[in-house]
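Colleague: sequence and predicted model, in that order:
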Amino acid sequence: MVLKEDMIGFVHNIVRQRKLKNSLLAFLAEMEKNLEIFFVMDQRQFITGKFLTQAWEQVQGEAIIRKHESILVYAGAAEDINRLIKEHKEFEQWYAADMTRKTPDNARKLRGMKNDLDKKLRTMEAVIIIAGQALEKEMLQLGLLKS
């Protein structure tokens, strides 16, 4: 009976490790895609879309993720930028929808929102790269990636 329980525990551990590996690989791929999104936005000098955060949602509670400050900073920055993009887009649509809203104060507010977004966006390249390096190093140490 003890042998059977040990085997079940062993199998559960293997399944958990495989799931964790797949989630971490998806998160690393998401970081790489976000770096590509950053480069496109930087090259075009135009916000083309939001950063991806779906894989982050799958791994954010993992201890091996939470111990890396750079990864937490990355996730927070991506969420902040996504929020700023949403707020800017909503205000821009509100502003453009009615001629009476096109006041100098509203124009300054819209420009200020765009400047804040641009300022935050300029930091993303380094944030993504540092977080990606930390994740790759952790995955190598755990044997989840091969060099």
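Modeller: Perfect, thanks for sending it. Residues are numbered from 1 along each chain as shown.

Colleague: quick check: next helix or strand after the top helix by length along the chain?
Modeller: Assignment by DSSP state H gives helix 2-44 as the longest helix of the chain. Counting by DSSP states H and E, the next helix or strand C-terminal to helix 2-44 is helix 54-59.

Colleague: centre of the chain to stretch 122-135, how far?
Modeller: The chain centre lies 10 Å from the centre of stretch 122-135; the measure is CA atoms, centre = their mean, to the nearest Å.

Colleague: swap that for stretch 22-33, sorry
Modeller: The answer for stretch 22-33 is 10 Å, by CA atoms, centre = their mean.

Colleague: again with stretch 62-75
Modeller: Distance, centroid of stretch 62-75 to centroid of chain: 11 Å (CA atoms, centre = their mean).

Colleague: with stretch 109-125 instead?
Modeller: On CA atoms, centre = their mean, the centre of stretch 109-125 falls 17 Å from the chain's centre.

Colleague: kindly report the same for stretch 21-40.
Modeller: Using CA atoms, centre = their mean, the offset of stretch 21-40 from its chain centre is 8 Å.

Colleague: equivalent analysis for stretch 139-147, please.
Modeller: 21 Å.

Colleague: who's in contact with I64?
Modeller: L24, E138, L142 (CB atoms under 8 Å, 6 or more residues apart in numbering). Every C-beta, even on glycine, is put in place using the N, C-alpha and C of the backbone.

Colleague: top of those residues by number of neighbours, please.
Modeller: Within the contacts of I64, L24 tops the neighbour count with 23 neighbours, counted by other CB atoms under 10 Å.

Colleague: and that residue, what's its pLDDT?
Modeller: Per-residue confidence at L24 stands at 96 (pLDDT).

Colleague: list the contacts for it?
Modeller: V59, E62, I64, L135, M139, L144.

Colleague: and those residues as CSV, adding pLDDT?
Modeller: Putting the contacts of L24 into CSV (pLDDT from 0 to 100) gives the following:
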residue, pLDDT
V59, 96
E62, 94
I64, 92
L135, 97
M139, 92
L144, 81
